[in-house]
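Novice: Provided below for reference: sequence and predicted model.
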Amino acid sequence: MAKRLIYVDNAATTAMNDVAIAAMSPYLKEVYGNPSSLHSVGQAAKEALDGARAKIAACLNCEPKEIYFTSGGSEADNQAIRSAAVNGAKKGKKHIVTTAFEHHAVLHTLKKLEKEGFEVTYLDVHADGVVSVDEVAAAIRPDTALVTVMYANNEIGTIQPIKEIGGLCRGRGVVFHTDAVQAVGHIPVDVKADNIDMLSVSAHKFHGPKGAGVLFCRRGVPLNTFIDGGMQERGRRAGTENIAGAAAMAAALEYACRNMQKNSAKLLALRNRLIEGLLKIPHSRLNGAFEGRLPNNVNISFEGTEGESLLLLLDAKGICASSGSACTTASLEPSHVLLALGLPHEIAHGSLRLTLSEENTEEDIEYIINAVAEVVETVRGISSFWDDLQSGKIKHFI
Ligand SMILES: *Cc1c(COP(=O)(O)O)cnc(C)c1O
């Protein structure tokens, strides 16, 4: 029998779907022109790019002119934050408000800005993984240039009060950026209704290709170039456009939005069964609030375990999961997101993130529940920390 493979790491990346692959293929070989060329092959490529822009704008409820193609979510985050910071500084505003559990594309950009003389307020996300609108309001000062708060967290799936924060920022005249990489294509996102000035999107998180993303920047909000060169993207992002990537991203997003209700219902049922099954394992806890959570996200800590050991044993059983975010698995530091929830290091270390896609089945879920129970028992069986917990030498946290 072929080895079973169950992929539940969709917050790290997703497989491209057939819709995206089909949309991409004409631009790899037949319509290979440079959109800046005046001849027919170039103009055909330009039409494809315009079409992709219009589709994405329709999905986000904005104008096509407000869409800038980027190489992905990280670039969009970098450009948005740097641009808002530099333009704020021109008016003497050098303060930025964010949360403690943003993606590293945001946090590391802000760390650099701090070295360049900006001041950053990192707001608490409390035990439930949600920032408080009142605390955002209290943090805004006359010299605040930017508020950047992610739409939904990539590790624990908690959805933030974006519409309220957007309304608040609009009222105070502060630029509002949101890293919506985990939200777009998964839950309804409407940049107008949500009062968003700038928003980052990445195609490979909704079954599109890697290396393609979007920065939405509302008309009237200044946007500086991040990559200098030609006049592509209305002078805001130089470099010959990734036509195939843009076409595939647009098709994947349109497909995701069209099927969102149906897929969410399916994912919610699978997710809830998985949470219920895993929480039956003694001394386990769900990280992040259950309510207001992405329909595909499960993040659970198992006391007396090591996330890396759980992952390797699960991999041997054909299950691809994650402990913390993909970017931090190479380091021994526990996830900054789990620490931001107030979890002690030992608990943060022993956590698993399982992020589903509509490809997963009920059988997958039952298989995962059994497999996780087995590997948790195995890891605890060789853990002296678990022995100390069981003997009462160390007090149980969960
Ligand atoms: C994946 C991810 C990013 C980075 O997007 P890339 O396209 O991989 O650069 C940024 N923010 C969040 C929340 C993500 O999940």
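Specialist: Happy to help now that I have it. Because the structure is a prediction, the values reported are computed rather than measured.
Novice: the stretch 51-200 of the chain against the ligand: which residues are in contact?
Specialist: 72, 73, 74, 77, 103, 105, 150, 154, 179, 181, 182 (Cβ under 6 Å from any ligand atom). Where you see a C-beta, it was placed from the backbone N, CA and C, and this is true even at glycine.
Novice: okay, now the unreliable bits of the stretch 1-150 of the chain?
Specialist: 1-3 (pLDDT under 70).
Novice: and the nearest residue to residue 219 once chain neighbours are set aside, how far is that from the ligand?
Specialist: On the basis of Cβ to Cβ, 6 or more residues apart in numbering, the spatially nearest residue to residue 219 that is not a chain neighbour turns out to be residue 66, at 5.8 Å. According to Cβ to the nearest ligand atom, to the nearest Å, residue 66 stands 19 Å off from the ligand.
Novice: need the max-distance pair from the residues of the stretch 51-200 of the chain next to the ligand.
Specialist: 72 and 150 (15.3 Å; Cβ to Cβ).
Novice: and the two? Which one has more around it.
Specialist: Neighbour count, other Cβ atoms under 10 Å: between residue 72 and residue 150, residue 150 has more, with 27 against 23.
Novice: the nearest residue to that one once chain neighbours are set aside pairs with what?
Specialist: Take residue 150 and drop its neighbours on the chain: the residue closest to it by Cβ to Cβ, 6+ apart is residue 179, 4.3 Å away. Per DSSP bridges, the residues bridged to residue 179 are residue 200.
Novice: so which helix or strand takes in residue 390?
Specialist: helix 384-391 (DSSP states H and E).
Novice: thought residue 389 was touching residue 304?
Specialist: Yes - using Cβ atoms under 8 Å, residue 389 makes contact with residue 304 at a distance of 5.4 Å.
Novice: redo the residues of the stretch 51-200 of the chain next to the ligand as CSV? Include distance to residue 279 and secondary structure.
Specialist: Shown next, in CSV, are these (distance: Cβ to Cβ, whole Å; DSSP: H, G, I helix; E, B strand; the rest coil):
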residue, distance to residue 279, secondary structure
72, 34, coil
73, 31, helix
74, 34, helix
77, 33, helix
103, 27, coil
105, 32, helix
150, 26, coil
154, 22, coil
179, 29, strand
181, 28, coil
182, 23, coil
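Novice: could those go into a markdown table alongside distance to residue 46?
Specialist: Converted to a markdown table, those look like this (distance: Cβ to Cβ, whole Å):
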| residue | distance to residue 46 |
| --- | --- |
| 72 | 22 |
| 73 | 25 |
| 74 | 26 |
| 77 | 27 |
| 103 | 32 |
| 105 | 29 |
| 150 | 33 |
| 154 | 34 |
| 179 | 29 |
| 181 | 27 |
| 182 | 31 |
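Novice: residues contacting residue 261?
Specialist: Shown in contact with residue 261 (Cβ atoms under 8 Å, 6 or more residues apart in numbering): no residues.
Novice: same thing but 10 Å
Specialist: By Cβ atoms under 10 Å, 6 or more residues apart in numbering, the contact list for residue 261 reads residue 188.
Novice: cool, residue 211 as well?
Specialist: 70, 71, 72, 75, 202, 203, 204, 242, 245, 249.
Novice: switch the cut-off to 8 Å
Specialist: If you count contacts by Cβ under 8 Å, 6+ apart, residue 211 has them with 71, 72, 204, 242, 245.
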